[in-house]
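Novice: I'd like to go over a predicted model; first the sequence, then the structure.
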Amino acid sequence: MQANGINEILLEVRKSYRVLFEYQKRILDLVDYIGKSYNLKYDGGYSKFSNTSPRNGGGSLDSWAWDWLNMYYYEFHFKNKDILNDKNNDTIYFSLFILNDDGYFQAKNEQNIERTSVSKFVDVEKSKSKLIFVVGKNYWDSWGKNWDDLNFILKDHDVKQKSENEYMIFKSFSLECFENEDHAKKSILEFEKLCQEYNIKINIEPKIQ
């Protein structure tokens with residue numbers, strides 16, 4: 001490769017890292033805003049497409065490159081603060097899943113591919129970026145082994161029920177629905193209304209409305 005070729009690539013890499021920093025900062029701010037809207041406390045996150053990034057002397061050079069990019073598909077989990085336990089002592093679970101690119105899952109729906117076969121993912125122009133809201137009432141389990149069920153990834157919403165008072169629901173939103181605060185509030189309220197249909201008490205803080 002000629003020197004000017006590698007220089008152009010490295011220039012784009014530097015740009016990409018800086019854009020990614022600004023983007024991920026906005027995602028973290030959005031997740032924090034949504035959690036506070038429902039009066040929930042952040043309780044930790046989980047990488048869902050790969051392992052977490054190696055740290056403190058750990059890891060292997062045989063690990064996937066995805067392991068160093070684990071917000072590609074990531075769960076932000078929250079817990080009750082003070083308003084979600086009602087008189088029936090129901091326990092409410094809540095998570096937000098950021099899926100920055102569903103290209104692998106769209107392709108997986110048509111053929112058996114590996115997560116490292118990036119060239120076989122659906123084209124970025126046809127892929128989607130999503131924020132998936134999940135709430136559980138007295139019940140919390142994954143859709144798929146590691147939240148990788150294609151119905152969970154590709155459907156608009158669904159319900160999973162264990163008993164009359166133990167069930168989960170999810171709703172998927174295009175990330176474009178959160179481009180500004182007004183649009184974000186609309187989506188947050190839409191999910192609240194869906195929860196009300198299933199008698200799940202998750203409400204927007206009055207000061208947020």
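Specialist: Received the coordinates, thanks. Note that the coordinates shown come from a computational prediction; the quantities given were computed from them, not determined experimentally.

Novice: low-scoring stretches of this protein, by residue?
Specialist: 1-3, 81-88, 206-209 (pLDDT under 70).

Novice: tell me the SS of the most centrally placed residue in the chain?
Specialist: In the chain, the residue lying closest to the centroid (Cα atoms, centre = their mean) is residue 97, at 1.6 Å. Secondary structure for residue 97, judged by DSSP: H, G, I helix; E, B strand; the rest coil, is strand.

Novice: doesn't residue 129 make contact with it?
Specialist: No - between residue 97 and residue 129 there is no contact under Cβ atoms under 8 Å: 11.6 Å. Where C-beta positions appear, they are placed from N, C-alpha and C, glycine not excepted.

Novice: can you pull out the strands in the protein?
Specialist: Along the chain, counting by DSSP state E, strands occupy 40-47, 73-80, 92-99, 130-137, 157-163, 166-174.

Novice: okay if I get those as CSV plus distance to residue 198?
Specialist: Shown next, in CSV, are the strands of the chain (distance: least, Cβ to Cβ, whole Å):
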stretch, distance to residue 198
strand 40-47, 18
strand 73-80, 17
strand 92-99, 12
strand 130-137, 7
strand 157-163, 7
strand 166-174, 6
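
Novice: which helices and strands sit right next to the longest helix belonging to the chain?
Specialist: With secondary structure taken from DSSP state H, the chain has its longest helix at helix 3-37. In terms of contacts (3 or more Cβ pairs under 8 Å, 6 or more residues apart in numbering; DSSP states H and E), helix 3-37 is packed against strand 40-47, strand 73-80, strand 92-99, helix 181-197.

Novice: right, so these: which one is the most enclosed?
Specialist: Among these, strand 92-99 has the highest mean neighbour count (mean count of other Cβ atoms under 10 Å), at a mean of 22.

Novice: thinking again about what came up before, check which residues of the longest helix of the chain are buried.
Specialist: 27, 30, 31, 34, 35, 36, 37 (16 or more other Cβ atoms under 10 Å).
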